[in-house]
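# Below are the sequence and a predicted model for it; my questions follow.
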Amino acid sequence: MAGSVRGKKNRGGWCDQYSKGIISGSTCKDLCDEHTLVLQQCLSSSPIHQVYSGLWEEKEVIIKCSVEETFRADGSPEPASRRDVVLFDKPTRGTSMDEFREMLLSFLKSNLGEQASLAHLVNRIIAMADVSRDGKLSLAEAKSVWALLQLNDFLLTLALHEKEHTSKLLGHCGDLYVTEKVPHTSLYTLDAPRFLQPLLPSALRRVVHQWFSPAWPRRAKIAIGLLEFVEEIFHGTYGNFYICDTGFKDVGYSDQFDFKTVDLRKVATEMAVRGFLKGRHCERNADCTYGKDCVAPCDKLMKQCKGDVVQPNLAKVCGLLQEYLLHGAPGDLREELEKQLKTCVTLSGLASQMEVHHSLVLSSLKTLLWKKISNTKYS
């Protein structure tokens, strides 16, 4: 009930700003005038990280709003709600389209790095913001998309929008945005409630996972998708990304057992990680931790963090897959699978020349799994 009340209160806030011409977006009319976009159950406990289940023209969707980082780079909690800080104050009145394009390009460069494809992304952002489809942006349209871009989850959803393993972005209103609903939001068919998870011994949790997991061939298909996602975010179209909190709870799968990301807030751009590490004082490696587990080595002599993350995404994901795939694996595959996963978890992210080796390990693992399930009903 509290989530429903909060949803109605927030809806009133957006609709008030929409009626005053402060914000705009492709879903504002549906949310505020036609009431075909409805916020339902609140799925988050934080007042600054709000995620709702919802209905949009009778179709189940996920609605995210005022989303703030669940961790800052240094791991400390955010002190204030975004809505108190970001008041749709940029761009200012009088900003030309060329100036706004330059604002967007500069922002993307600072967050994603120098990428040849950024001009294309700027065009996509402007096309998305242009609700009136008149080839130019009103101040409300520009302010709304600028506020959205400050949200890491939205920025990455947009940057990875063309990838099949990212939840599809469906629309927005101000700094509220709508994505497709991922039917299964854990790699397991049943998990302990989140408030109980820290209290359960890891051995007991593993047993629960083994009892409530899809059939092994379906797990193999999901795992192939997870490995493909690692490929997609490693030197992709808009740069390199790091998974900085690897766990089962932020990933899921569709009804066809295709892997899908549930939450991209735990994924960071290379620029964000390197910016955090640059010149940072340290005594030990743990002092060079971005998020939960993006750790760089500490130069003990210089007392400063180095710029390379120790454990690459692939090694972290293979650590998950050891638990996920080895249980119930076919006898004729288990030994080779265990061997390849062991090789994978020991990969280092420190040397750039290791990239080819990483690709070979990933390709070999995908091939091993695919051969086992191809030409079956599970493929």
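All right, it came through fine. Numbers count the residues shown, from 1 in each chain.
# Centre-most residue in the protein?
For the chain, the residue nearest the mean C-alpha position is residue 264 (1.0 Å; Cα atoms, centre = their mean).
# how about the nearest residue to that one, chain neighbours excluded?
The shortest distance from residue 264 to any non-neighbouring residue, by Cβ to Cβ, 6 or more residues apart in numbering, is to residue 156 (4.2 Å). Every residue, glycine included, has its C-beta placed from N, CA and C.
# For stretch 165-182, list every residue counted as buried.
Counting neighbours by 16 or more other Cβ atoms under 10 Å, one finds that the buried residues in stretch 165-182 are 165-167, 169-182.
# And the next helix or strand past the strand or helix carrying residue 120?
Counting by DSSP states H and E, the element that carries residue 120 is helix 118-129. Using DSSP H and E, the helix or strand that directly follows helix 118-129 along the chain is helix 139-149.
# what's near enough to touch residue 44?
Residue 44 makes contacts with 50, 51, as judged by Cβ atoms under 8 Å, 6 or more residues apart in numbering.
# So what does it have for phi and psi?
Dihedral angles phi and psi of residue 44 (degrees, to the nearest 10) take the values phi -130, psi 150.
# Need the pLDDT of it.
According to the prediction, residue 44 has pLDDT 83.
# ditto for residue 309
Model confidence at residue 309 (pLDDT) stands at 89.
# Work out for me the element it sits within.
With DSSP H and E as criterion, residue 309 is part of no helix or strand.
# Could you do the one 10 residues further on as well?
Of the helices and strands defined by DSSP H and E, residue 319 is found in helix 313-326.
# can you dump the C-alpha coordinates of that helix into PDB?
Below are the C-alpha coordinates for helix 313-326, written out as PDB (Å, rounded to 0.1, in the frame of the first residue of the first chain):
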ATOM      1  CA  ASN A 313      34.300  -9.000 -16.400                       C
ATOM      2  CA  LEU A 314      34.800 -12.400 -18.000                       C
ATOM      3  CA  ALA A 315      36.600 -13.800 -14.900                       C
ATOM      4  CA  LYS A 316      33.800 -12.500 -12.600                       C
ATOM      5  CA  VAL A 317      31.100 -14.000 -14.800                       C
ATOM      6  CA  CYS A 318      32.900 -17.300 -14.900                       C
ATOM      7  CA  GLY A 319      32.900 -17.300 -11.100                       C
ATOM      8  CA  LEU A 320      29.100 -17.100 -11.200                       C
ATOM      9  CA  LEU A 321      28.900 -19.800 -13.900                       C
ATOM     10  CA  GLN A 322      30.900 -22.300 -11.800                       C
ATOM     11  CA  GLU A 323      28.100 -22.400  -9.400                       C
ATOM     12  CA  TYR A 324      25.400 -22.100 -12.000                       C
ATOM     13  CA  LEU A 325      26.500 -24.600 -14.600                       C
ATOM     14  CA  LEU A 326      28.600 -27.400 -12.900                       C
END
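# For that helix, list every residue counted as buried.
Quick answer for helix 313-326 (16+ other Cβ under 10 Å): 313, 314, 315, 316, 317, 318, 320, 321, 323, 324, 325.
# how many degrees apart are the following helix or strand past that helix and helix 313-326 in direction?
Helices and strands here follow DSSP H and E; after helix 313-326, the next one along the chain is helix 331-345. Orientation check (axes from the mean of the first three to the mean of the last three Cα atoms, to 10 degrees): helix 331-345 against helix 313-326 gives 160 degrees.
# So what touches helix 331-345?
By Cβ under 8 Å, 6+ apart, helix 331-345 touches 314-315, 318-319, 321-322, 325-326, 329, 361-362, 364-365, 368-369, 372.
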